[in-house]
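Trainee: Take a look and give me a structure for this.
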Amino acid sequence: MQKTLLGLLFFASLQLHSCKAASSSKSADIETKAGKQSQEFLSDDKALVFTGASMGTRYTVKIVALNPEPASRALLLPSLEQKIEILLENFNQRFSSYIPLSQLSKLNDFFAEGTGKQKLVYTLDATFARQLKSALFFSEITDGAFDVTASPLIELWGFGRSPKAEDSPLPTDKERIAALKKTGYTRLSLLVQPAKKVGFFPAHRFTGLDNYSLSMEAGMEINFSAIAKGRAVDEIAGLLSLYGLRNYLVEIGGELRALGVNERGSPWRLLVALPPGLALPLETEAGNIEISLNKGAVATSGDYNNYYEKNGQRFSHIINPKTGYPIKHNLASATVIAENCEAADAFATALMVMGEKKARSFAIENNLAISLLYKSEDSWKVYQSKEFLSYVK
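Mentor: Residues are numbered from 1 along each chain as shown. Next up is the predicted model:
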């Protein structure tokens, strides 16, 4: 039976704690408020929480003011909440593959109209081009473990916009090979035409905008789902910083970014959730999985919540872009702490594709803060890089 989850990237939920497990209801832990639509003040009147629905999941924004003026916060409330909602709406209209008339859907529809190996060119605005450049960077640095063009494979295995019926046959090798021929980040080019000087004023003051275009084979697609939540978290964090806010926690579907301290003046304390039915203590190589964070982002990817079983086999929603098959190895989840949430999101996905051993090597080479949950013979183990251990409490 297929385990359904909207979106292409599974996220292991992060339980958000601003105090110890014995907290009273006064602490108003974020996870318990995620089901409420409207904003509210905590009972200790130090934190402000916005919650809502977006991107097929829930979002939570928690803002802490240690010495707040009630009147100023009352003025901040409606304006900031509205701006967050508008930001997310605009983000989805640009980058969602589930909205038929989004900018991304229009781009993919354009490339779907071509035939054979015909190269098509599509004009992009600067905002879209920046997102694509970022996705291409992660595709390149992970050597394609993360691949922004993986849509045909995701759709083939039934984890995309049109999930397959339970009685649908598995993809054939012929179908898999055909889908592979329509993927590969190295097969697209992002072209830039520098802006021209406008008028007689100094170029550094008055210039037109750079023009961008995407060159890609017909039938290929762009898909930002594996980094979209992370990027949206970063966008909200940027908005909060523009408001001069320095203590906050932003979370969308388990991907989060934190700055400063919680309402008790301590760094944010986060507990990485484990797969269903699995409880500590594990046979670990380093203590627990509770982390303390005052600046940075966290994302977790795992294969244990979005999958289906057929013919006695288990098929994960995480697809290896190089082989065209769902992953099948001993790595159950990968958690990454990074400077921004988009990077944490992308690397978490890539590590899951790599598997435990390659993920370790990649983390060492790139000084990544990672925690891996993997099966070793008959027991579960946790590997934590030295960079990750600096956050462990």
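Trainee: Which residue comes closest to Glu81 once chain neighbours are left out?
Mentor: Residue nearest to Glu81 in three dimensions, not counting chain neighbours: Phe50, with 5.1 Å by CB to CB, 6 or more residues apart in numbering. The C-beta positions use only the backbone N, C-alpha and C, and glycine is treated the same way.
Trainee: how many neighbours does that neighbour have?
Mentor: 22 (other CB atoms under 10 Å).
Trainee: Let me see the backbone angles for Phe50.
Mentor: Here is the backbone geometry of Phe50 (degrees, to the nearest 10): phi -110, psi 140.
Trainee: Pull up the gap between Asn262 and Asp234, please.
Mentor: From Asn262 across to Asp234, the span is 20 Å (CB to CB, to the nearest Å).
Trainee: And Thr349, by the same measure?
Mentor: Taking CB to CB, one finds Thr349 at 16 Å from Asp234.
Trainee: And Gly355, by the same measure?
Mentor: For Gly355, the distance to Asp234 equals 28 Å [CB to CB].
Trainee: who's more crowded, those two?
Mentor: Legend: neighbour count by other CB under 10 Å for Gly355 and Asp234, higher for Asp234 (22 against 19).
Trainee: Rounded mean pLDDT for the helix or strand where the more buried one lies, please.
Mentor: According to DSSP states H and E, Asp234 maps onto helix 225-242. Mean per-residue pLDDT for helix 225-242: 95.
Trainee: show me where pLDDT drops low in the protein?
Mentor: Within the chain, the segments meeting pLDDT under 70 span 1-45, 66-78, 165, 195-209, 273-288.
Trainee: Test my guess that Leu188 contacts Thr149.
Mentor: Yes. Leu188 lies in contact with Thr149 (CB atoms under 8 Å); the separation is 6.7 Å.
Trainee: what is in contact with these two at once?
Mentor: Both Leu188 and Thr149 are in contact with Met220, where contact means CB atoms under 8 Å, 6 or more residues apart in numbering.
Trainee: who's more crowded, these two?
Mentor: Of the pair Leu188 and Thr149, Thr149 is the one with more neighbours under other CB under 10 Å, namely 24 against 19.
Trainee: what's near enough to touch the more buried one?
Mentor: Taking CB under 8 Å, 6+ apart, we find Thr149 in contact with 139, 182-185, 187-188, 220-223, 321.
Trainee: and what of Lys393?
Mentor: Taking CB under 8 Å, 6+ apart as the test, what Lys393 contacts is 269, 288, 290-292.
Trainee: let's see it at 6 Å
Mentor: By CB atoms under 6 Å, 6 or more residues apart in numbering, the contact list for Lys393 reads 290, 292.
Trainee: For it, give its distance to Gly302.
Mentor: Distance of Lys393 to Gly302, computed by CB to CB: 22 Å.
Trainee: now swap in Phe95 and tell me
Mentor: 23 Å.
Trainee: Over to Val392?
Mentor: On the measure of CB to CB, Val392 and Gly302 end up 19 Å apart.
Trainee: try Lys182
Mentor: Relative to Gly302, and taking CB to CB, Lys182 is found at 27 Å.
Trainee: With neighbour numbers in mind, choose between these two.
Mentor: Gly302 (24 against 20).
Trainee: Thank you kindly, that will do.
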